[in-house]
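Q: how does the following fold in three dimensions:
(chains A and B)
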Amino acid sequence: SQTIHQWPATLVQPVGSPLSLECTVEGTSNPNLYWYRQAAGRGLQLLFYSVGIGQISSEVPQNLSASRPQDRQFILSSKKLLLSDSGFYLCAWSAPPTMAKNIQYFGAGTRLSVL
Amino acid sequence: QKEVEQDPGPLSVPEGAIVSLNCTYSNSAFQYFMWYRQYSRKGPELLMYTYSSGNKEDGRFTAQVDKSSKYISLFIRDSQPSDSATYLCAMSEDQGAQKLVFGQGTRLTINP
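A: From the prediction side, this is the model:
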């Protein structure tokens, strides 16, 4: 069966520090991968998605970047965190379009507090 | 106007009540509809998946789609305190869609 791992679960970082959040998927090949941010009491904001290694689509201009160095690894990064980067970050995967199954499966999330 | 509108609540009901959660949407091309449940400080988990119009039942949960009105609903019968969570609707135009459009989520509390 497929599983998605996301870490760390909680992170407290000072303003101006770098960020690296990692997400890995097991049990599937060539998944679509996603990074979302969820502000308290609000919906999911899609930040980045990837349909393959090295292929990243950015949904909103911001202080963050994403990379996909391996098929089942997705990394969210920042060189210098801002206070506004605080939030709950979620990684998700779905089957590639050729499998015609658009359900997204989410990781447990990382709660980031920038102080 | 947002593509998907969902009342954020919060919604608080007594245990055993029937709960109705709703989303409206503007894109008539949406055909695939999902409901996710998200417990506090956890990632969303898929609850229901439906295609086109009609009803789908799974235990105490029923998902209903009315494409003519661009309106979807999730009904919870005999609600339990363990149903307390945020419920998000999501939808897409086709099964190969790379992105889903999510509602804002409705925060639900079931009081014992």
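
Q: can you name the residues that contact A:R42?
A: B:8, B:104-105 (CB atoms under 8 Å, 6 or more residues apart in numbering or on different chains). Yep, even glycine has a C-beta here, placed from its N, CA and C like the rest.

Q: most neighbours among these, which one is it?
A: Ranked by the number of neighbours (other CB atoms under 10 Å in any protein chain shown), those place B:G105 first, at 26 neighbours.

Q: so that one sits right up against A:G43, yeah?
A: Yes. Between B:G105 and A:G43 a contact is recorded at 5.4 Å, counting by CB atoms under 8 Å.

Q: overlap in contacts of the two?
A: With CB under 8 Å, 6+ apart, B:G105 and A:G43 have common neighbours B:6, B:88.

Q: give me the low-pLDDT residue ranges for chain A?
A: Scanning chain A for pLDDT under 70 picks out the ranges A:41, A:61, A:97-100.

Q: let's go with 80 and repeat that
A: Counting by pLDDT under 80, chain A has low-confidence residues at A:40-42, A:61-62, A:96-101.

Q: cool, and chain B?
A: Answering for chain B: the residues below the bar, that is pLDDT under 80, span B:1, B:94-98.

Q: can you list the residues of it near chain A?
A: Within chain B, the positions lying close to chain A (CB under 8 Å from any CB of the partner chain) are B:6, B:8, B:32, B:34, B:36, B:41-46, B:49, B:88, B:90, B:92, B:94-100, B:102-105, B:107.

Q: quick check: ChimeraX command selecting the buried ones in these.
A: Buried members of those, defined by 16 or more other CB atoms under 10 Å in any protein chain shown, are picked up in ChimeraX with:
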select /B:6,32,34,36,42,43,44,49,88,90,92,97,98,99,100,102,103,104,105,107
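
Q: which element is residue 35 on?
A: Defaulting to chain A. strand A:32-38 (DSSP states H and E).

Q: ah, no, chain B please
A: strand B:32-38.

Q: how far off centre is that strand?
A: 5 Å (CA atoms, centre = their mean, to the nearest Å).

Q: what's in contact with the helix or strand just after that strand?
A: Sequence order places strand B:45-51 as the next helix or strand after strand B:32-38, per DSSP H and E. The contact list for strand B:45-51 (CB under 8 Å, 6+ apart) reads A:103, A:105-106, B:31-38, B:56, B:58, B:61, B:63, B:65, B:72, B:74, B:87.

Q: next: stretch B:89-104.
A: A:32, A:42-44, A:46, A:49, A:51, A:94, A:97-98, A:100-102, A:104, B:3-6, B:8, B:21, B:23, B:25, B:27, B:29-36, B:72, B:74, B:88.

Q: hey, where'd the helices end up in chain A?
A: In order along the chain, chain A carries no helices (DSSP state H).

Q: tell me the contacts of the nearest residue to A:S20 once chain neighbours are set aside?
A: Closest residue to A:S20 apart from its sequence neighbours, by CB to CB, 6 or more residues apart in numbering or on different chains: A:S77 at 5.3 Å. Neighbouring residues of A:S77 by CB under 8 Å, 6+ apart: A:18-21, A:64-67.

Q: show me what A:S77 is bridged to.
A: A:S20, A:S65 (DSSP bridges).
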